[in-house]
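[1] this one's sequence-less:
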């Protein structure tokens, strides 16, 4: 029969384990490289490359960002599981209420673009209009050599391949921009599907994040999707020209995005900073404008314990050095009026 | 021999031949099914092994991820390995004592109806999908306190509890009642008997159960997506933060368009698979050893 | 089971005049609390999930179960598309996995020469150890393109008249999810079946063979009836696993909505829809509707569990009667 020693041995072992555990937990607190002032953010994958660049410039390991999609960013900040949320889609009224006293501040300007993978059609060669795009994503146009597409692309050898539509499966600001544009140019889309970060897609497969859509388009011959411009370039996916209201087939560049941003001058910036740049009007001013341009927002609670750190970081992001640093990622510098409004909203944040 | 006799001899032969043909056919089908299944299994295991091995290097364990790396930047998943260690370790620390206590109650104290009820509850808990557990812990802990390794560990502990409890119940039942009766007969109090005499006999079985539970949750992704997914890229041991884990890292890398990300995912998958295999094998070895020891003790 | 009873009653019978020590009360109390905690945990899970679904339950009611489509813009959501997806993928996987699993089990117990048994068993166990996220990774990178480029076009051109094998599009589809789930539940069903087949008393098998049956007739007449209940339970457990699988399915199923015959279309299951949409739901109603899906999933897993237990108990009783 086992001696009493067994009981003592077990108790000692448990005590040792508990002591080790206590040591581990206390040293863990010290060993973490992150300091208490690390800002945690989550949201838009569109702005993720910009935040990564800013994080490196700002100070080491002080910004932690998870690109879970604009919908996720809005949800995370509403639940206060992060310090700031990022979204390309402005808050809806009910989202604003759920966020309980949040403000949205535009902090970058870029574009979404349709991308494709068609054998025999190189980058920049495919031309599309809003109506054709809407019909493709509605599932009405099913093959690449459909007369509607051929009419826009005379001289292009379009194969008889079926179109694989790729959309976002997560809550996405790119989806918001894309569906917002389609709703403006196509009545059928507006009534059937509408515009939001998550919509009921009539056709196609879903990819998670800009990365997931890029991966799906690259992997499937005959695919068409939409991603933010940086992801199209970084992953070498063919970009489509889109016909803007002025009748020009344009591509997203700093110049064409800035042309679209001229909309800000003629419209007043509302108090909630909600500005839409999709489908600029027909006039000469917007001749070269890219119709799927968008601001992207950082969403912060007005009253937060990290007010000082957040204000410092966002002020840095709005500054000229930060905005210039992301130009190479196809983020156009924001118009002065927007920067002014952004800084004004920033002042209202307090602890 | 008459014609009638000859045909009488032939008839059972026809039937026998038919039965033999059917038998052959069925054997062939079984071989075919086994061959197909083995082929499929082999392809999967070989895929993981081959792709993972070709991408395995020390960088995986020593470097951290770099977002939007331009060019050939050396990256790894050091933060995920550390995070997995912390979360699975914490989960074991949470599930093991509770599981043992539940087993002690069920086996030593509970009346029959309660024993059946708790056993049923454990079986039902075992069948709850991991994603439902994830949503549950999200609503319980994350909404109020944010993501953390503690929340992730709690979710994994809920998954481990039925496994640990069941294994402990089974091994406690194997301890012969003569041991308990002898101890009680000598005047040893009930609690001392249970903790000091019965439980030490079952240590092997408990460890087996714990190791099997670890093997089960080491690869779980769904609960961690809700509780520990908004993470940084640095190596972090602090359980109050949300920590990156290997399964979540593989999940995120699998959806990427970058082949370099896929390569790291395969390497991490191979390491994870090897870890799970090693723990399962050691659990089995421990089980046979403890069963042998109990067999000896019973004599 | 008899040992358990013997232990319990023997240790619980108090000696006359035996004092109850405080230590005894403490241990019983703490252990009892733990056991209570386990039961309460289950109740808490059910409560939290139903509580989260309350808004959606009151908005949509039971019509949610039959409404096809998930439109967060027009606020009309329903589980029908995902119930369909779950049913098709899980039952499809069970349909494909069961004959393969039984085939392996029979092979290992009756047909295989001794030197093959070890490696094949090890192979099956290795597959059981592969986590779902790794199977999903393999599904995205290896299986998807393979099915899309070779298997689906072949099935479509050969069997295209069956509406199940319609026009193939991409590697992410219901069909891919079925194959992935088949691979995941194959080890469970086959290892349980193998143990059941091994447990058939050899006297029964030898008796049948001695009477002149062929090997197949022996299996059909002795092994299968003996193991029938256990195999049914194994199938039910495999089904439960397939129904609850979120990660591997969400990686390969393509995030589609709708009900249709074509297996090569993208789709979604209850579990994979929750995994996809939960983080970025734009409205509280959608979040609540995802909880509603979780309630359905929870109910389903409960039913599957209880069913498996009933089947096992009935089979054990029948075996108790049949055993000599």
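    Thanks, I have the structure now. Remember, it's a predicted structure, so these values are computed and weren't measured experimentally.

[2] Tell me, how many residues neighbour the residue nearest to residue A:184 when sequence neighbours are not counted?
    Leaving aside its chain neighbours, residue A:184 sits nearest to residue A:279 (4.4 Å; criterion: C-beta to C-beta, 6 or more residues apart in numbering or on different chains). Bear in mind the C-beta positions are built from the backbone N, C-alpha and C, glycine included. Residues near residue A:279, counting by other C-beta atoms under 10 Å in any protein chain shown, number 21.

[3] do residue A:159 as well
    14.

[4] swap in the one 4 residues further on?
    The criterion is other C-beta under 10 Å. On that basis, residue A:163 has 22 neighbouring residues.

[5] Would you confirm that it contacts residue A:143?
    Yes: with contact defined as C-beta atoms under 8 Å, residue A:163 and residue A:143 form a contacting pair (6.3 Å).

[6] what number of residues lie near residue 81?
    No chain was given, so I picked chain A. 21.

[7] that's the other chain; I wanted chain C
    As a burial measure, residue C:81 scores 23 neighbours (other C-beta under 10 Å).

[8] got a list of what it touches?
    Counting by C-beta atoms under 8 Å, 6 or more residues apart in numbering or on different chains, residue C:81 touches C:68, C:69, C:70, C:257, C:258, C:259, C:267, C:268.

[9] Quickly find the element holding it.
    Using DSSP states H and E, residue C:81 falls within helix C:80-106.

[10] moving C-terminal of that helix, what's the next helix or strand?
    Next along from helix C:80-106, by DSSP H and E: helix C:114-129.

[11] hmm, who's touching that next one?
    B:34, B:38, B:41-42, B:44-45, B:215, B:273, B:276-277, B:280, C:104, C:107-108, C:112, C:183, C:186-188, C:190-191, C:194.

[12] mean confidence for that helix?
    Averaged across helix C:114-129, the pLDDT comes to 85.

[13] same thing with stretch A:286-303?
    What stretch A:286-303 shows for mean pLDDT is 94.

[14] With stretch A:213-231 instead?
    In this model, stretch A:213-231 has a mean pLDDT of 94.

[15] cool, stretch A:244-255 as well?
    For stretch A:244-255, mean pLDDT rounds to 93.

[16] And for stretch B:48-58?
    In this model, stretch B:48-58 has a mean pLDDT of 85.

[17] Show me how far that stretch is from its chain's centre.
    Taking C-alpha atoms, centre = their mean, to the nearest Å, the mean C-alpha location of stretch B:48-58 is offset from the chain mean by 23 Å.

[18] List the contacts of residue C:236.
    By C-beta under 8 Å, 6+ apart, residue C:236 lies in contact with C:304, C:307, C:308, C:311.

[19] Find the nearest non-adjacent residue to it, please.
    Leaving aside its sequence neighbours, residue C:236 sits nearest to residue C:308 (C-beta to C-beta, 6+ apart; 4.3 Å).

[20] Count the neighbours of that neighbour for me.
    Per other C-beta under 10 Å, the neighbour tally for residue C:308 reads 21.

[21] how far does stretch C:276-292 stretch from start to finish?
    15 Å (C-alpha to C-alpha, to the nearest Å).

[22] Could you pick out the residues of the stretch 151-300 of chain C near chain A for me?
    By C-beta under 8 Å from any C-beta of the partner chain, the part of the stretch 151-300 of chain C that sits against chain A consists of C:167, C:169-173, C:254-257, C:266, C:276-277, C:279-284, C:286-287.

[23] Buried only: go through those residues for me.
    Buried by 16 or more other C-beta atoms under 10 Å in any protein chain shown: C:169-173, C:254-257, C:266, C:276-277, C:279-284, C:286-287, out of those.

[24] overlap between these and the residues near chain B?
    Okay, of these touching chain B (C-beta under 8 Å from any C-beta), that's residue C:279.

[25] List the ones among the buried ones among the residues of the stretch 151-300 of chain C next to chain A that fall in helices.
    Using DSSP state H, the subset of these located in helices is C:276, C:277, C:284, C:286, C:287.

[26] would JSON lines of those with distance to residue B:263 and pLDDT be doable?
    Output for these, formatted as JSON lines (distance: C-beta to C-beta, whole Å; pLDDT from 0 to 100):
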{"residue": "C:276", "distance to residue B:263": "25", "pLDDT": "91"}
{"residue": "C:277", "distance to residue B:263": "30", "pLDDT": "89"}
{"residue": "C:284", "distance to residue B:263": "41", "pLDDT": "88"}
{"residue": "C:286", "distance to residue B:263": "36", "pLDDT": "92"}
{"residue": "C:287", "distance to residue B:263": "36", "pLDDT": "91"}
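
[27] what two of the residues you listed are the furthest from one another?
    Distances among those were taken as C-beta to C-beta; the most separated pair is C:276 and C:284, at 17.8 Å.

[28] give me the low-pLDDT residue ranges for chain C?
    C:1-19, C:318-324 (pLDDT under 70).

[29] So which bits of chain A are right by chain C?
    Applying C-beta under 8 Å from any C-beta, we find that chain A lies next to chain C at A:68-76, A:92, A:94-95, A:98, A:162, A:164, A:169-172, A:193-201, A:204-208, A:216, A:219-220, A:223.

[30] Just the buried ones among those residues, please.
    Buried residues within the residues of chain A next to chain C, defined by neighbour count using 16+ other C-beta under 10 Å: A:68-76, A:95, A:98, A:164, A:169-172, A:193-201, A:204-208, A:216, A:219-220, A:223.

[31] Just list the residues touching residue A:249, thanks.
    Shown in contact with residue A:249 (C-beta under 8 Å, 6+ apart): A:127, A:241, A:242, A:243.

[32] Would you mind getting the angle between the helix holding residue C:81 and helix C:114-129?
    Taking axes from the mean of the first three to the mean of the last three C-alpha atoms, to 10 degrees, one finds helix C:80-106 and helix C:114-129 inclined to each other by 160 degrees.
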